[in-house]
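Engineer: below are the sequence and a predicted model; questions follow.
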Amino acid sequence: MFELLVIACISGNVCEYQHLPPIYANEQVCAQQAAIVAGMIHARHDISGSLTYKYRCRLAEVATQQISRPVAGGHS
């Protein structure tokens, strides 16, 4: 399963970050959902402004390992 991270910006002024849970079966479905999420963010803020977005689809196992790994200097 893949998780999705999206950053969408409208006219370069307003940016929104979305982190969606690992529910996507493959990278293609995840990438398609990134476009949908970016469009929803765009509509929520300003339909007339230009939209740019970046996304990352990554395996849930990779994300889980990064979250569970201790942070240097962190408290236990």
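Structural biologist: Ah, there it is.

Engineer: now do the SS call for A43.
Structural biologist: Counting by DSSP: H, G, I helix; E, B strand; the rest coil, the backbone at A43 sits in helix.

Engineer: do E61 as well
Structural biologist: State at E61, reduced to three classes by three-state DSSP: helix.

Engineer: check the gap between it and L4 for me.
Structural biologist: Taking Cβ to Cβ, to the nearest Å as the measure, E61 and L4 are separated by 15 Å. The way it works is simple: take the backbone N, C-alpha and C, and place the C-beta from them, glycine included.

Engineer: between these two, which is the more surrounded one?
Structural biologist: Neighbours per residue, other Cβ atoms under 10 Å: of E61 and L4, the larger number sits with L4, 22 against 10.

Engineer: now that one: how far from S11?
Structural biologist: Counting by Cβ to Cβ - L4 and S11 are separated by 23 Å.

Engineer: what mean pLDDT does the helix or strand in which L5 is found have?
Structural biologist: Secondary structure assigned from DSSP states H and E places L5 in strand 2-10. Here the mean pLDDT over strand 2-10 is 93, rounded to a whole number.

Engineer: partner strands of that strand, with direction?
Structural biologist: Looking at strand 2-10 with DSSP bridges, its partner strands are strand 14-24 (antiparallel), strand 51-59 (antiparallel).

Engineer: which positions within it qualify as buried?
Structural biologist: Residues of strand 2-10 classed as buried by neighbour count (16 or more other Cβ atoms under 10 Å): 2-10.

Engineer: so how far is that strand from its chain's centroid?
Structural biologist: Per Cα atoms, centre = their mean, to the nearest Å, the displacement of strand 2-10 from the mean C-alpha position of its chain is 3 Å.
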